[in-house]
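**Q** no FASTA, just this:
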């Protein structure tokens with residue numbers, strides 16, 4: 001299940017709240033998160049890459065994503 005890059009919430013691929021940026025589709029839980037991403041996509045893409053690199057080096061320490069309710 002995709003993760004909203006703004007708030008970290010799991011999002012269905014069926015949502016209409018999505019944006020393609022640099023060849024990748026990003027999914028959003030709310031219009032607010034989508035607008036935040038569209039205002040500064042580089043910020044969220046950079047943060048996503050940093051989180052991914054950290055998880056690869058975390059030696060098995062998992063990170064949980066929000067499953068219910070957005071921060072907005």
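**A** Right, received. Where do you want to start? Nothing here was measured: the structure is a model prediction, and the numbers come from that model.
**Q** Low-confidence regions, the chain specifically.
**A** 51-72 (pLDDT under 70).
**Q** Going by residue numbers, what spans are strands in it?
**A** For the chain, applying DSSP state E gives strands covering 18-21, 24-27.
**Q** Quick one: those strands as TSV, columns for mean neighbour count and distance to residue 34 too.
**A** All C-beta atoms are positioned from the backbone trio N, CA, C, and that covers glycine. TSV is the format used below for these (neighbours: other C-beta atoms under 10 Å; distance: least, C-beta to C-beta, whole Å):
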stretch	mean neighbour count	distance to residue 34
strand 18-21	13	6
strand 24-27	16	8
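**Q** what would these look like in a markdown table with distance to residue 47?
**A** What follows is the strands of the chain, written out as a markdown table (distance: least, C-beta to C-beta, whole Å):
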| stretch | distance to residue 47 |
| --- | --- |
| strand 18-21 | 13 |
| strand 24-27 | 12 |
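**Q** which parts of stretch 4-16 are buried?
**A** By neighbour count on 16 or more other C-beta atoms under 10 Å, the buried set for stretch 4-16 is 4, 5, 6, 7, 8, 9, 11.
**Q** cool, and stretch 22-40?
**A** 26, 27, 28, 29, 30, 33, 34, 36, 37.
**Q** can you list those in CSV and add distance to residue 46?
**A** Output for the buried residues of stretch 22-40, formatted as CSV (distance: C-beta to C-beta, whole Å):
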residue, distance to residue 46
26, 13
27, 18
28, 17
29, 20
30, 21
33, 17
34, 18
36, 14
37, 12
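**Q** Of the buried residues of stretch 4-16, just say which sits nearest to residue 48.
**A** Closest approach to residue 48 among the buried residues of stretch 4-16 (C-beta to C-beta): residue 5, at 5.3 Å.
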